[in-house]
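> have a look at this prediction, sequence included:
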Amino acid sequence: MANATFDDMLRTIEAECRLTGALTGRSAIRPEVMAALAGVDRRRFVPAPLKPFAYADSPLPIGSGQTISQPFIVALMTDLLAPGPDDLVLEVGTGSGYQAAILGQLAGEVVSVEIIPQHAARAAKRLAAAGCTNVEVHCGDGSLGWRERAPFDQIMVTAAAGRVPPALIEQLRPGGRLVIPVGPLYGPQELLLIDKDRTGRCASRTVLAVAFVPLTGASSLPAAAGA
């Protein structure tokens, strides 16, 4: 809603978490994640015409068919990823830069990869203006990861892939976590949490049904139709 305040947004995130707790397995967002959300003004990352809606708990268009995610989903994905102050995080799909800014509040360093050049450039400027000195933005195919900085302690994907890109599994450190929405455009999508154990074996669980814009890139398509 256009008249929502920043505090309204934070309260709505907490309420949504309680309502979905039976599905997600968590009825509250950890205090450090809520503090990170409180430390980043979403309005900085929303296009000017939509700033009156910056604190609504809904995705908003940012151009080129992309969106800034719903605040509750940003909170949930961040909470699932659980980055720590010594961690190196890969974000696939910078978009507006908002999620990267949240991750930057919690992680030691964030590498964010955006395939659309104008979004990468704008996000880098917004992040710099917000003082996010531990976030680096690259323009490239994030479905291939970012080998120059791999391995990563955690990886977050902010668009729906037809399958989990193999490069991201390869670049995830043993003991690390990957949060990714998977599913077809306009079809059923699931938010997955993937844990990689110390031997390199991965276990996946579905957290919640979601709706994301599609991940584009060489490794984002399903291996076969309907996969």
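Cool, got the structure.
> list the buried residues of the helix or strand hosting Arg122.
Using DSSP states H and E, Arg122 sits within helix 117-129. Buried residues in helix 117-129, defined by neighbour count with 16 or more other CB atoms under 10 Å: 119-120, 122-124, 126-127. For glycine as for every other residue, the C-beta is placed from the backbone atoms N, C-alpha and C.
> which member of the residues you listed is positioned nearest Leu88?
The shortest approach to Leu88 among the buried residues of helix 117-129 belongs to Leu127, at 16.7 Å (CB to CB).
> circling back: whichever helix or strand comes after the helix holding Arg122 - what's its average pLDDT?
Later in the chain than helix 117-129, the nearest helix or strand by DSSP H and E is strand 135-139. Per-residue pLDDT over strand 135-139 has a mean of 98.
> ok and strand 135-139 relative to helix 117-129, angle-wise?
With axes from the mean of the first three to the mean of the last three CA atoms, to 10 degrees as the basis, strand 135-139 and helix 117-129 are set at 170 degrees to each other.
> run through who's touching whatever helix or strand comes next after strand 135-139.
Per DSSP H and E, the first helix or strand lying C-terminal to strand 135-139 is strand 152-157. For strand 152-157, contacts defined as CB atoms under 8 Å, 6 or more residues apart in numbering pick out 77-78, 81-84, 87-93, 99, 103, 107, 111, 142, 145, 165, 168, 171-173, 175-181, 215.
> again, only using 6 Å
Contacts with strand 152-157, where a contact means CB atoms under 6 Å, 6 or more residues apart in numbering, come from 81, 83, 87-92, 168, 171-173, 176-180.
> restricted to strands, list these.
Among these, the ones falling in strands (DSSP state E) are 88-92, 172-173, 176-180.
> quickly note the distance from the nearest residue to Gly65 once chain neighbours are set aside to Pro181.
Leaving aside its chain neighbours, Gly65 sits nearest to Val213 (6.3 Å; criterion: CB to CB, 6 or more residues apart in numbering). From Val213 over to Pro181 the distance is 10 Å, taken as CB to CB, to the nearest Å.
> quick one: which of the two has more around it?
The residue with more neighbours, out of Val213 and Pro181, is Pro181; 25 against 19, by other CB atoms under 10 Å.
> show me the contacts for that one.
160, 189, 191, 210, 212.
> residue ranges with poor pLDDT in the chain?
Where the chain drops to pLDDT under 70, the residues are 1-2, 219-227.
> apply 50 and report the result again.
Scanning the chain for pLDDT under 50 picks out the ranges 223-227.
> in it, which residue is most central in space?
The chain has Thr158 as the residue nearest its centroid, 4.1 Å off, counting by CA atoms, centre = their mean.
> thought that one was touching Ser96?
No. Using CB atoms under 6 Å, Thr158 is not in contact with Ser96, being 10.0 Å away.
> OK, contacts around the closest residue to Cys17 other than its chain neighbours?
Spatial nearest neighbour of Cys17, excluding adjacent residues (CB to CB, 6+ apart): Ile29 at 5.3 Å. By CB under 6 Å, 6+ apart, the contact list for Ile29 reads 17, 75, 79.
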